[in-house]
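Asks: coords below, sequence missing:
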């Protein structure tokens with residue numbers, strides 16, 4: 001992957017990001033949260049990183065780049081098979097009202113097997129099509145694990161570059177570090193997309209586009225435009241970066257268990273499905289005669305986007321910490337030992353052969 005030039009990053013930042021208070025994104029709708037929602041999640045998360053993270057992640061160019069790359073899993077749809085079959089189902093997991101995948105025969109999120117292949121087999125045994133069910137939890141887990149490996153590699157390269165006395169080796173470390181920085185931004189963008197999908201209630205529910213053919217005692221809408229109208233045009237018209245940042249929850253970094261955390265995060269979004277439909281029934285997502293939007297609708301959308309941004313911010317930080325405990329390269333070296341100056345990573349990084 002070619003590393004973006006500073007000029008390119010500056011142009012992206014100028015075009016895509018208004019960083020002052022009241023900044024608003026305007027963009028063509030794509031899918032999932034739409035371009036505006038996904039950009040905002042990526043940007044707000046990156047702007048929320050602490051100085052525990054390396055400086056290259058916190059400059060405006062990197063922030064804007066992640067905002068753009070947060071759209072990527074939508075932009076690559078339509079490539080053909082098996083690409084689309086494997087990736088399009090990563091954007092959602094349809095849970096019933098009791099938190100089971102599709103219906104009572106499906107597992108809950110806390111019951112998911114470790115491997116996606118095992119999940120596919122479990123669904124097939126229950127008569128459930130994975131194309132209908134989706135596998136968003138696995139996409140988030142995979143994205144987090146990839147980012148932690150990226151950070152482990154970067155930490156080794158960065159530490160080795162700072163200590164290396166041989167000019168040729170030091171130059172190689174530097175170039176490989178820059179390559180890794182470009183990959184890190186890309187991989188944060190992909191993780192951002194799936195974490196963002198996980199904050200959109202329609203991506204968590206069998207009621208993903210109108211209530212559907214299910215018992216409907218509250219008379220919720222069955223309009224097939226419900227999903228797209230909310231996450232696209234409504235978000236584009238009403239989302240404000242400063243408002244999102246103002247309601248982002250504080251970092252939650254203690255007692256981390258990726259499997260349990262992912263289940264909790266997605267179930268929290270599932271719990272917003274009925275509140276969404278109740279608000280929709282009141283007209284909260286439609287403009288009044290003067291074009292103004294009812295405050296509860298805008299507040300609901302802002303809170304959901306903020307939840308995605310906060311989760312992404314925290315997962316980036318947790319991946320950074322996780323990386324410090326890992327070994328990387330071949331023959332493998334421990335990240336902590338390289339950073340302490342007690343291990344030489346040259347062969348592990350460039351390849352023993």
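Replies: Okay, I see it. As the structure is a prediction and not an experimental result, all values here were calculated from the model. Residues are numbered from 1 along each chain as shown.

Asks: shaky segments in the stretch 151-300 of the chain?
Replies: 287-294 (pLDDT under 70).

Asks: And the strands in the stretch 201-350 of the chain?
Replies: 327-328, 333-334 (DSSP state E, counting those that start in this stretch).

Asks: From the rest of the structure, what touches the first one?
Replies: Identification of contacts with strand 327-328 by C-beta atoms under 8 Å, 6 or more residues apart in numbering yields 149, 152-153, 156, 333-335, 348. For glycine as for every other residue, the C-beta is placed from the backbone atoms N, C-alpha and C.

Asks: between these, which has the most around it?
Replies: residue 156 (29 neighbours; other C-beta atoms under 10 Å).

Asks: next helix or strand past the strand or helix carrying it?
Replies: Element membership for residue 156, per DSSP states H and E: helix 136-163. Counting by DSSP H and E, the next helix or strand C-terminal to helix 136-163 is helix 167-197.

Asks: What residues of that following helix count as buried?
Replies: 169, 172-173, 176-177, 179-181, 183-197 (16 or more other C-beta atoms under 10 Å).

Asks: Could you do stretch 81-88 as well?
Replies: residue 88.

Asks: from the chain's centre, how far out does that stretch sit?
Replies: Here the centre of mass of C-alpha atoms in stretch 81-88, compared against the chain's by C-alpha atoms, centre = their mean, to the nearest Å, lies 19 Å away.

Asks: likewise stretch 167-174?
Replies: 33 Å.

Asks: which residues sit in contact with residue 41?
Replies: Taking C-beta under 8 Å, 6+ apart as the test, what residue 41 contacts is 33, 70, 192, 195-196, 199, 305, 308-309, 312.

Asks: got these as CSV, with distance to residue 96 columns?
Replies: Output for these, formatted as CSV (distance: C-beta to C-beta, whole Å):
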residue, distance to residue 96
33, 23
70, 29
192, 27
195, 23
196, 23
199, 19
305, 25
308, 23
309, 28
312, 27
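
Asks: quick one on the thing from earlier: quick check: angle from the helix holding residue 156 to helix 167-197?
Replies: 160 degrees (axes from the mean of the first three to the mean of the last three C-alpha atoms, to 10 degrees).

Asks: What score does the closest residue in space to residue 127 that isn't next to it in sequence have for pLDDT?
Replies: Nearest non-adjacent residue to residue 127, counting by C-beta to C-beta, 6 or more residues apart in numbering: residue 105, 6.7 Å away. The model reports residue 105 with a pLDDT of 97.

Asks: Please convert the strands of the stretch 201-350 of the chain to CSV, extending it with distance to residue 79.
Replies: As requested, the strands of the stretch 201-350 of the chain are exported to CSV (distance: least, C-beta to C-beta, whole Å):
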stretch, distance to residue 79
strand 327-328, 30
strand 333-334, 36
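
Asks: Including distance to residue 227 and mean pLDDT, could those strands go into TSV?
Replies: Formatted as TSV, the strands of the stretch 201-350 of the chain follow (distance: least, C-beta to C-beta, whole Å; pLDDT from 0 to 100):
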stretch	distance to residue 227	mean pLDDT
strand 327-328	41	97
strand 333-334	47	98
